[in-house]
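1. Turn this into a model:
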Amino acid sequence: MSFLTVYNICGIKGKQNISYYKKSISKILDQKNIDQEVVISSCCSSREILDALLEAFPQVKINEIKDVVPVNVSFNHTCDIFDRGHEGFIYIDSGIVLSDENDLSTLVERKNLGSYAMVSALVDDDVGVAIEAEKFEMDRGLGLLEDENGKFVSIGSSLNLHLQIFSREVKDYYRKVLPDIFAGYCTESVFSFMCAALKSKWSVCDNVIAHHHPSVDGQSSGFHPHNWMVETGRETYDHPFQIKSYMSRFFNKEAYRLGLGFEECRKVLIHDPSQYDDNSHCINDKLKEYIRDNLYLNSDEFEYSSINSFIVKGNPKQVTVKKGINKWCYDYKISVIIPTRSRINLLDECLDSLLDNCYKEYRMFEVILLVDFDDHETYNHIVNNVKDKFKHGYSDAECCLSIISVERSEFMQRDYNNFASLAARGDLVFVLNDDAVVTTKDWDKKIYEFYVDNKTDDDIMLISVLDDSHNGSLDSFGNNRTRVSHGSCFPILTKTFVHNMYGVMPGHIKMWTADTAINALFNDVDRIFLLDSVFVKHNSYHSGTRDKDVINQHVSDVSSEMHTNDHIITSKNKSIMKRMLSKC
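-> The predicted structure follows:
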């Protein structure tokens, strides 16, 4: 699996930063021996800056954040949007220029060597830490220790962060990569506790020294919403960064009992060293839960889905087709998401139908499969027998099929599809089952051209294709064929909706009937568009085409225990939808 490399800029100083950005991005793209997806995370950057970067680097994508947010939040938000089960997440500050073409692969080697949760590089210019590698010694009070693989940050100490890798484990457990209770990257001392709580360490790769130009975009630790509004002329969130209660999350008996400290600046709330073993791992398994629940904002305090952002892409290899749509090879317009488990034959039929019937001139769709972490047979089958069919080049990076291994959830329809939709790269998210077969030739071209022709100004819409489970005949659509009483089992939703709703499924949906709920939500605001030229055959016992299998039966058993009227759309869902429409 590749790494997600995020070059984090905020553009607060304007267009004079373009040349520095270009130098940094060039060095990132020139890295050898690493499989990486490079994304620019941009907050407050001007359109002039972004256009210049896209022109210079059409192979990268930009998460253009319209609101004013600190760098930890812009990085977290970008990691959420582009997360496709990457092995790890690389943060690169806007002031960093890599020194060697093997810098990132060296960091990866260190991470893998010790299974470290986090690995940082050194930089050659930073007022917050020693300048040269040889100065990183214990007698300078920087708190570095050594294990068999090299140096690591001791518990409670800190190192200014400009270039580092976070393991998959960090995001999977803490839900976000960086703590977001602060208004900037600080305080870095918490990272030593985060790693120790996961029975790991924060390693320092002192044979990677990158050039750092201090404060290219201004100091993130000096972030203050009002100050940024004055300096940038942009509106800011009424957000809770540096919330009044955040210090109480450190200064309490429970935090101390679990081993947490807060020691970066004034050496206060020194941690209890008895809570750590000789390997610098926390012996209390509850610390990681406390960190997750207290150093990361919950959705009531700050909702990431409310961030106003757009994915911006370059336009390599442009081709003009009818209706004036400009498309390019391998630019995925449609993301097909398919959760699957223990149904290899059905899955093969589904995937073959997508490939056999797609528009042949260029790839304009991607497939994201979600496989339970314990379903090794399906996972290995996809890797060994399926994935090569979806390659359009010589490397895994040139493949329109991704596999995400997930921990089993009983809320399968909601959780799996929501997770996959946030990893989607397309303008449209096609929610499909592993027991469905798309039978229409050029299905992807027809869907996307229909979307372009009917696109609403706010880009909130549902495209309903025909299927044989509920709407096999047009009679079921009533008199107004853009309004659907039930709609397709396989809705196609815009990425704008997905980002605003933080997934394709409303939060209360547990098991079946999600399609009914989603259609009811869009029907309420008259945003369903029927595409009757695309047909999906559903090999389901609902449609009488096959008997129940063990997966159907499991879902049915779980559903009977927990599912009571979960298809009813709540007033909260309706109000969110209408607020979304008024905002766009």
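
2. Would you mind measuring the gap between the ends of stretch 275-289?
-> 15 Å (Cα to Cα, to the nearest Å).

3. Tell me the buried residues in it?
-> Gln275, Tyr276, Ser280, His281, Cys282, Asn284, Leu287, Lys288 (16 or more other Cβ atoms under 10 Å). Any C-beta I mention is one placed from the backbone N, CA and C, and that applies to glycine too.

4. helix/strand/coil for the last one?
-> This means Lys288. helix (DSSP: H, G, I helix; E, B strand; the rest coil).

5. Give the closest residue to it in space, chain neighbours not counted.
-> Ala197 (3.7 Å; Cβ to Cβ, 6 or more residues apart in numbering).

6. correct me, but that neighbour touches Leu295?
-> No: using Cβ atoms under 8 Å, Ala197 is not in contact with Leu295; the gap is 10.2 Å.

7. of those two, who's got more company?
-> Shown here are Ala197 and Leu295; by other Cβ atoms under 10 Å, Ala197 has more neighbours (25 against 21).

8. about what we covered before: which of the buried residues of stretch 275-289 sit farthest apart?
-> Ser280 and Lys288 (14.7 Å; Cβ to Cβ).

9. returning to what we had before: dump the residue contacts of the residue nearest to Lys288.
-> Gly259, Cys282, Leu287, Lys288, Ile291 (Cβ atoms under 8 Å, 6 or more residues apart in numbering).

10. Looking at these, which one is closest to Tyr379?
-> Tyr379 lies nearest to Lys288 out of the contacts of Ala197, by Cβ to Cβ, at 26.5 Å.

11. Which residue ranges of the stretch 201-350 of the chain form strands?
-> Under the criterion DSSP state E, counting those that start in this stretch, the stretch 201-350 of the chain contains strands at 202-212, 309-313, 318-320, 326-328, 334-340.

12. Show the pLDDT at Gly85.
-> Gly85 carries a pLDDT value of 81.

13. can you check Tyr330 too?
-> Tyr330 carries a pLDDT value of 48.

14. what do you get for Glu137?
-> You'll see Glu137 listed with a pLDDT of 39.

15. My read is that Tyr21 contacts Leu53, right?
-> Yes: Tyr21 is within contact range of Leu53, at 6.2 Å (criterion: Cβ under 8 Å).

16. Distance across stretch 286-303, terminal residue to terminal residue?
-> Criterion Cα to Cα; first-to-last residue distance in stretch 286-303 is 25 Å.

17. my bad, should have said stretch 58-76
-> For stretch 58-76, the first-to-last residue distance is 23 Å (Cα to Cα).

18. For Gly11, list the residues it contacts.
-> Listed by Cβ under 8 Å, 6+ apart, the contact partners of Gly11 are Asn17, Ser42, Cys43, Cys44, Ser45, Ser46, Ile49, Asp217.

19. so which helix or strand takes in the closest residue to the fifth one other than its chain neighbours?
-> It refers to Ser45. Nearest residue to Ser45 in three dimensions, chain neighbours excluded: Gly11, at 3.0 Å (Cβ to Cβ, 6+ apart). Assigned by DSSP states H and E, Gly11 belongs to no helix or strand.

20. Which parts of the stretch 201-350 of the chain are helices?
-> Using DSSP state H, counting those that start in this stretch, the helices of the stretch 201-350 of the chain run over 225-232, 253-258, 286-294, 344-356.

21. for Ala420, helix, strand, or coil?
-> Applying three-state DSSP: Ala420 is helix.

22. Distance check, it against Asn160.
-> 36 Å (Cβ to Cβ, to the nearest Å).

23. Compare those two (neighbour count), which wins?
-> Taking other Cβ under 10 Å, Ala420 and Asn160 do not tie; Ala420 has more neighbours (27 against 18).

24. Bridged to Phe262, which residues?
-> When assigned by DSSP bridges, Phe262 has beta-bridge partners Val268.

25. count of neighbours near it?
-> Per other Cβ under 10 Å, the neighbour tally for Phe262 reads 21.

26. Looking at the helices of the stretch 201-350 of the chain, which is nearest to Ser74?
-> helix 225-232 (12.4 Å).

27. just for the stretch 301-450 of the chain, where's the confidence low?
-> Where the stretch 301-450 of the chain drops to pLDDT under 70, the residues are 314-331, 361-362, 393-398, 406-414.

28. I should have written the stretch 451-584 of the chain there, sorry.
-> 469-487, 502, 506-515, 540-584.

29. The stretch 151-300 of the chain now?
-> Low-confidence segments of the stretch 151-300 of the chain (pLDDT under 70): 183-187, 218-246, 263-269.

30. Please repeat the previous calculation with a cut-off of 90.
-> 153-162, 180-190, 206-207, 212-253, 256, 261-273, 295, 297-300 (pLDDT under 90).

31. which of the strands of the stretch 201-350 of the chain is buried the deepest?
-> Each of the strands of the stretch 201-350 of the chain was scored by mean neighbour count; the highest is strand 334-340, a mean of 25, by mean count of other Cβ atoms under 10 Å.

32. Who are the packing partners of that one?
-> Contacts defined by 3 or more Cβ pairs under 8 Å, 6 or more residues apart in numbering; DSSP states H and E place strand 334-340 against helix 344-356, strand 365-372, helix 412-422, strand 428-431, helix 443-454.

33. most tightly surrounded among those?
-> Across those, the average number of neighbours (mean count of other Cβ under 10 Å) peaks for strand 428-431, which reaches a mean of 26.

34. so how far is Ile404 from the nearest residue to Ser533 once chain neighbours are set aside?
-> Excluding the flanking residues, the one nearest Ser533 by Cβ to Cβ, 6+ apart is Lys446, at 5.7 Å. Distance, Lys446 to Ile404, by Cβ to Cβ: 27 Å.

35. ok, now Asn63?
-> 19 Å.

36. From the centroid of the chain, which residue is nearest?
-> Asp80 (2.1 Å; Cα atoms, centre = their mean).

37. what about Gln59, how many neighbours?
-> Using other Cβ under 10 Å, Gln59 is surrounded by 10 other residues.

38. quick one on the thing from earlier: TSV for the contacts of Gly11, including neighbour count?
-> Listed next are the contacts of Gly11 as TSV, based on neighbours: other Cβ atoms under 10 Å:
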residue	neighbour count
Asn17	22
Ser42	26
Cys43	29
Cys44	25
Ser45	26
Ser46	14
Ile49	21
Asp217	22
